[in-house]
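Engineer: Structure for this input, please:
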Amino acid sequence: MAVTGDLLAWASERSGLPAEDLARKFPKLSEWVSGTTHPTLKQLERFAKTTHTPFGYLFLPEPPDEPLPVQDFRTRGGRAVQHASPDLLDTIYACEARQEWYRDFAVIYGEDEVEIVGSLTIDVDPAEAGARLRETLAYQVGSRGPSWSEAFRRLSEHAEDLGILVMVSGIVGSNTHRPLDPDEFGGFALVDRLAPVVFVNGADSKAAQIFTLAHELAHVWLGGSALDDADPTSIGTQAAEQWCNAVAGELLVPASSLTQRDLGALDSAELDAFAAEFRVSTLVVLRRLLDLGSIGRAFYWSRYEAERARLADLRLASSRGGGGNFYNTQPVRTSKRFTRALIADTLEGRTLYRDAFRMLGFKKEAAFEELARRMGVA
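Structural biologist: Purely as a prediction, here's the structure:
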C-alpha cells in the first residue's frame with residue numbers, strides 16, 4: 001500500500017526501537033522508506049503493532065504533532081527532552097481516561113473537591129510546605145514501616161485517603177512486553193479538583209519511587225500538572241520543579257532530623273543508615289546534607305557518582321524480579337480508590353463491563369469478579 005516514507009521513518013524513530021531490530025523484523029523497511037517498494041496491508045498492520053503506532057497515523061499526509069497533554073519538565077544534560085515514547089504517551093492517555101471517568105463518578109455522587117489541590121504556591125517556604133505535607137499525609141519519621149516497600153505503601157494509601165488517585169506501574173497497561181523506562185520519566189501529576197492523579201514509574205527502585213511520589217504530591221498541592229524526572233539531585237531551571245524537589249526533600253528528610261546529627265566521617269555505612277531511617281535513597285540524603293550546609297560541594301560530588309552507579313546496579317537487579325500476584329498488583333497499577341469505584345459502578349450497572357475492562361487493562365470476566373471479591377466490593 002502507498003504510505004509515505006516520511007511516516008514510516010517517523011514511526012520507526014518514534015518507537016525508540018533499535019534500527020537493527022526493525023531491519024531484522026522488516027527486511028524491506030529501507031525500500032519502503034525510499035519508496036522503491038511498498039508494504040502490503042498485513043505488513044503495515046504488523047509494522048504498526050511493532051512500533052506501537054496507531055494504524056491510521058500511517059495514512060496521514062505527514063507525521064502528526066503529538067504534544068504532551070502535560071507540562072514537560074524532563075531534562076537531559078540540562079536541556080529539555082524533545083520527544084516522548086509511545087510507552088509514555090499511552091500511559092498518560094490511559095491515566096487521563098481513568099481520571100475522566102472518576103471525575104464524572106465524583107460529580108454524580110456529589111463528592112467534595114480535594115481540598116489540598118492548589119492550596120500552596122511557590123511563594124510558600126519549602127520547609128514550611130514540606131512540614132505541612134508530612135503532617136497532612138501522616139508520614140512522620142519513625143512511622144514509615146520496616147521497609148521501603150511498606151513506606152511507599154503507607155505514603156500512597158495516605159495520599160489516596162485524601163482523594164488522590166495514585167497509580168504505580170512499570171509496564172504499559174497490563175502488557176509485560178512493554179516495560180516503562182525509568183530513565184525516560186519518573187512520574188507525572190494530572191491535577192484536577194475532583195480527580196487528581198499521580199502516576200509513579202514502578203520500574204524504578206522503591207527508594208526512587210518514594211521520592212517521585214513525594215515530588216508529584218508537591219505538584220498536586222501546587223495545583224499544576226507536570227511530567228518530570230523527579231530527580232532529587234537535579235538543580236533544575238523551572239521554579240516549580242525546584243520548589244517541588246525542595247518540598248519533597250523536606251517531607252521525606254526533615255531538616256530538624258539532620259541538623260543535630262554528628263556526621264563524623266560520612267562513609268557508605270552511615271549513608272546507608274540515614275537512608276534506611278528515612279526510607280529514601282542515599283542520593284536524597286546527600287542532597288539534603290548539601291542543601292542544609294552539612295557537607296561541602298566537593299564532598300557531595302565525590303560521593304555522588306559512586307552512589308548513583310551503585311543505585312543503578314541495585315535498580316537493575318530489582319528489575320529482574322517477577323511481576324507479583326495479579327490481584328495484588330492490579331489495584332496498585334490503576335489506583336485502589338479508582339478500582340473500587342469502577343468495580344462497584346460496573347456491578348451496579350452504570351458502567352459497561354467492556355469499558356471497565358478497557359480502563360483496568362484486562363478482558364476476562366472471571367478476573368474481574370475475583371478482583372472484586374478480593375477488594376471487598378462484590
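Engineer: From now on I want contacts and neighbour counts done on CA atoms only, so please keep to that.
Structural biologist: OK.
Engineer: Helices along the stretch 101-250 of the chain, start to end?
Structural biologist: For the stretch 101-250 of the chain, the helices defined by DSSP state H, counting those that start in this stretch cover 126-136, 148-161, 206-222, 239-252.
Engineer: Name the stretch among those that sits most buried.
Structural biologist: Of those, the one with the most neighbours on average (mean count of other CA atoms under 10 Å) is helix 206-222, at a mean of 27.
Engineer: what packs against that helix?
Structural biologist: helix 148-161, strand 187-190, strand 197-201, helix 239-252 (3 or more CA pairs under 8 Å, 6 or more residues apart in numbering; DSSP states H and E).
Engineer: out of the helices of the stretch 101-250 of the chain, which comes closest to residue 25?
Structural biologist: Nearest to residue 25 among the helices of the stretch 101-250 of the chain is helix 206-222 (35.0 Å), distances taken as CA to CA.
Engineer: Might one say that residue 210 is in contact with residue 152?
Structural biologist: Yes: using CA atoms under 8 Å, residue 210 is in contact with residue 152, at 5.6 Å.
Engineer: okay, the helices of the stretch 101-250 of the chain in TSV with distance to residue 281 and mean pLDDT next?
Structural biologist: Below are the helices of the stretch 101-250 of the chain laid out as TSV (distance: least, CA to CA, whole Å; pLDDT from 0 to 100):
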stretch	distance to residue 281	mean pLDDT
helix 126-136	18	97
helix 148-161	10	97
helix 206-222	5	96
helix 239-252	10	95
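Engineer: Select, out of these, the one closest to residue 108.
Structural biologist: Across the helices of the stretch 101-250 of the chain, closest to residue 108 is helix 148-161 (CA to CA), at 19.6 Å.
Engineer: now the helices of the stretch 101-250 of the chain as TSV including distance to residue 311?
Structural biologist: Below are the helices of the stretch 101-250 of the chain laid out as TSV (distance: least, CA to CA, whole Å):
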stretch	distance to residue 311
helix 126-136	25
helix 148-161	14
helix 206-222	9
helix 239-252	18
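Engineer: Please name whichever of those helices is nearest to residue 40.
Structural biologist: Relative to residue 40, the nearest member of those by CA to CA is helix 206-222, separated by 43.9 Å.
Engineer: distance between the closest one and the chain's centre?
Structural biologist: Offset of helix 206-222 from its chain centre (CA atoms, centre = their mean, to the nearest Å): 9 Å.
Engineer: Can I get that helix in PDB? Just the C-alpha atoms.
Structural biologist: Output of helix 206-222 as PDB, limited to C-alpha atoms (Å, rounded to 0.1, in the frame of the first residue of the first chain):
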ATOM      1  CA  LYS A 206      11.400   1.600  45.600                       C
ATOM      2  CA  ALA A 207      13.500   4.300  47.100                       C
ATOM      3  CA  ALA A 208      13.300   6.300  43.900                       C
ATOM      4  CA  GLN A 209       9.600   5.700  43.700                       C
ATOM      5  CA  ILE A 210       9.200   7.200  47.200                       C
ATOM      6  CA  PHE A 211      10.900  10.400  46.200                       C
ATOM      7  CA  THR A 212       8.900  10.500  42.900                       C
ATOM      8  CA  LEU A 213       5.600  10.100  44.800                       C
ATOM      9  CA  ALA A 214       6.600  12.900  47.200                       C
ATOM     10  CA  HIS A 215       7.600  15.200  44.300                       C
ATOM     11  CA  GLU A 216       4.400  14.600  42.400                       C
ATOM     12  CA  LEU A 217       2.300  15.100  45.500                       C
ATOM     13  CA  ALA A 218       4.000  18.500  45.800                       C
ATOM     14  CA  HIS A 219       2.800  19.300  42.300                       C
ATOM     15  CA  VAL A 220      -0.800  18.400  43.400                       C
ATOM     16  CA  TRP A 221      -0.500  20.800  46.400                       C
ATOM     17  CA  LEU A 222       0.900  23.400  44.000                       C
END
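Engineer: where does this structure have low pLDDT?
Structural biologist: 1, 76-80, 82, 235-237, 260-265, 314-323 (pLDDT under 70).
Engineer: buried stuff in stretch 54-69?
Structural biologist: Going by neighbour count (16 or more other CA atoms under 10 Å), the buried part of stretch 54-69 is 58, 63.
Engineer: ends of it, how far apart?
Structural biologist: With CA to CA, to the nearest Å as the measure, stretch 54-69 spans 17 Å from end to end.
Engineer: What are the contacting residues of that stretch?
Structural biologist: 3, 4, 6, 7, 8, 10, 44, 45, 48, 49, 84, 89 (CA atoms under 8 Å, 6 or more residues apart in numbering).
Engineer: redo that, cut-off 6 Å
Structural biologist: With contacts defined as CA atoms under 6 Å, 6 or more residues apart in numbering, stretch 54-69 is touched by 7, 48.
Engineer: next one: stretch 187-199
Structural biologist: With CA under 6 Å, 6+ apart as the criterion, stretch 187-199 contacts 99, 103, 113-114, 164-168, 200-201, 216, 220, 224-227.
Engineer: Buried by neighbour count, from the residues you listed: which ones?
Structural biologist: Buried subset of the contacts of stretch 187-199 (neighbour count, 16+ other CA under 10 Å): 99, 103, 114, 164-168, 200-201, 216, 220, 224-227.
Engineer: Nearest to residue 27, out of those: which one, please.
Structural biologist: When the buried ones among the contacts of stretch 187-199 are compared for distance to residue 27 (CA to CA), residue 201 wins out at 34.1 Å.
Engineer: just checking, that closest one touches residue 170?
Structural biologist: Yes: Residue 201 lies in contact with residue 170 (CA atoms under 6 Å); the separation is 5.4 Å.
Engineer: What is the burial count for the closest residue to residue 26 other than its chain neighbours?
Structural biologist: Closest residue in space to residue 26, ignoring its immediate chain neighbours: residue 47 at 7.9 Å, by CA to CA, 6 or more residues apart in numbering. Burial of residue 47, expressed as a neighbour count using other CA atoms under 10 Å, amounts to 22.
Engineer: Restricting to C-alpha, output the strand or helix carrying residue 47 in PDB.
Structural biologist: Per DSSP states H and E, residue 47 falls inside helix 41-51. Taking Å, rounded to 0.1, in the frame of the first residue of the first chain, the C-alpha atoms of helix 41-51 are listed here in PDB:
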ATOM      1  CA  LEU A  41      -1.700  -4.200   4.300                       C
ATOM      2  CA  LYS A  42      -0.700  -7.100   6.600                       C
ATOM      3  CA  GLN A  43       2.900  -5.900   6.700                       C
ATOM      4  CA  LEU A  44       1.700  -2.400   7.600                       C
ATOM      5  CA  GLU A  45      -0.500  -3.800  10.400                       C
ATOM      6  CA  ARG A  46       2.400  -5.700  11.800                       C
ATOM      7  CA  PHE A  47       4.700  -2.700  11.500                       C
ATOM      8  CA  ALA A  48       2.100  -0.500  13.300                       C
ATOM      9  CA  LYS A  49       1.800  -3.100  16.100                       C
ATOM     10  CA  THR A  50       5.600  -3.500  16.500                       C
ATOM     11  CA  THR A  51       6.200   0.300  16.600                       C
END
